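Build the 3D model from these lines:
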Amino acid sequence: MPVQILIPALVAALLPLAPATSTAGSSDVYRNYAQLAAHEVEGKDYLRVQRFPAGAKVAHIAIHGGAIEAPTTQLADQAAASTRQAFYSFEGIKVAGNSKLHITSTHFDEPKAVKLVGAVDYTVSWHAASGAKATTFVGGRDRELIRRVTAALKAAGFGVAVTVPEEIGGDSPRNIANRNHRGMGVQLEISRGQREQFFAGGKLGRAWVEDPSHRTKAFYRYINAVNQALANRTPY
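Numbering: from 1, shown residues only. Sure, this is the predicted structure:
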C-alpha cells in the first residue's frame, strides 16, 4: 500500500506543472512594442497616429485601434478632436489577423504613446470588451473622474456596469492610461453590444467604422457624455 501511494506522488512531482490560469496579456504574441516592431512593418501592418494641440491637458488614446478593437480609434479621435485635446492611436491595418498586434495595457510601451501620455494631466483610454449587453466597464485609477464619467454616461442613457472585472480594471500603475502627470487615468471597456449601437446596421468592420456617415446619434451622444465629465473635472 505505501508503494502504491508514493509512486504516483513521485510521478506527479516529476511532471511539468499545469499552466497557470490565464491573465490579461498572457495570450499576446508580443510582450512589448520592441518585439512587435521587430516582426511587423509599420505602414503595412500597423500605424501610429497622434495629435497634440498646444495646451492640451487630456489625452484620448486607442492603443488597440484600427481593426484590433473597432471602433476605438474613431471614438478616441472624435472625443479629442471635438475638444482640441491630444489623440493617440495604435492601429492594426492587416488584411487579417490584427489581434496579433494586441499588446496589453500594462505592457504597452510604444515610445510615442508614452511620451504623449506623460505630457498630459488626464487620460481616457478607449477599449473594446466582449458581451452582447450594451454596457461600459469604467476602470482606471482616477476615482473621481471614474465617478463623473459613470454619472455622465448614465445620464445620457447608457448602461454602466456596477462592477469591473479585475482583468479589465485598468488600475495598475503600469497601465498606459495611468502614466500621465498625475499617475491616474480612466479606462473605458465598451461591450460589443454597446459598440454596435454606434454604427448603422451594427456593423463593426474596419471599412464600415472608418466612414463617418455610418455613425449613429448614439456615437456622438456617448462621446459628448465622456467629454462633459472631463469638462466638469478639468477646465479646457
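
can you give me the mean pLDDT across stretch 66-84?
Regarding stretch 66-84, the rounded mean pLDDT is 98.

Show me what counts as buried in it.
Taking 16 or more other CB atoms under 10 Å as the neighbour-count basis, stretch 66-84 is seen to contain the buried residues 66-80, 83. No exception for glycine: its C-beta is placed from N, CA and C like everyone else's.

And the furthest pair within those residues?
For the buried residues of stretch 66-84, the maximum inter-member distance is 26.0 Å, found between 67 and 83 (CB to CB).

remind me which residues of the chain are low pLDDT?
1-26, 233-236 (pLDDT under 70).

The biggest strand by length in it pairs with which strands, parallel or anti?
Longest strand in the chain by number of residues (criterion: DSSP state E): strand 58-66. Strand 58-66 pairs in its sheet with strand 86-92 (parallel), strand 122-128 (parallel), by DSSP bridges.

Out of the ones you listed, which gets nearest to residue 28?
Closest among the strands paired with strand 58-66, using CB to CB: strand 86-92, at 12.9 Å.

If residue 46 is in a bridge, with which residues?
Counting by DSSP bridges, the residues bridging with residue 46 are residue 42, residue 92.

residues in contact with the residue most central in space within the chain?
The C-alpha lying nearest the average C-alpha coordinate of the chain belongs to residue 127 (CA atoms, centre = their mean; 2.9 Å). By CB atoms under 8 Å, 6 or more residues apart in numbering, the residues touching residue 127 are 62, 64, 69, 72, 105, 168, 187-190.

Now render those residues as TSV, adding secondary structure.
TSV is the format used below for the contacts of residue 127 (DSSP: H, G, I helix; E, B strand; the rest coil):
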residue	secondary structure
62	strand
64	strand
69	coil
72	helix
105	coil
168	helix
187	strand
188	strand
189	strand
190	strand
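
Format those as JSON lines; extra columns: distance to residue 220.
Converted to JSON lines, the contacts of residue 127 look like this (distance: CB to CB, whole Å):
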{"residue": "62", "distance to residue 220": "17"}
{"residue": "64", "distance to residue 220": "22"}
{"residue": "69", "distance to residue 220": "20"}
{"residue": "72", "distance to residue 220": "16"}
{"residue": "105", "distance to residue 220": "26"}
{"residue": "168", "distance to residue 220": "25"}
{"residue": "187", "distance to residue 220": "21"}
{"residue": "188", "distance to residue 220": "16"}
{"residue": "189", "distance to residue 220": "20"}
{"residue": "190", "distance to residue 220": "15"}
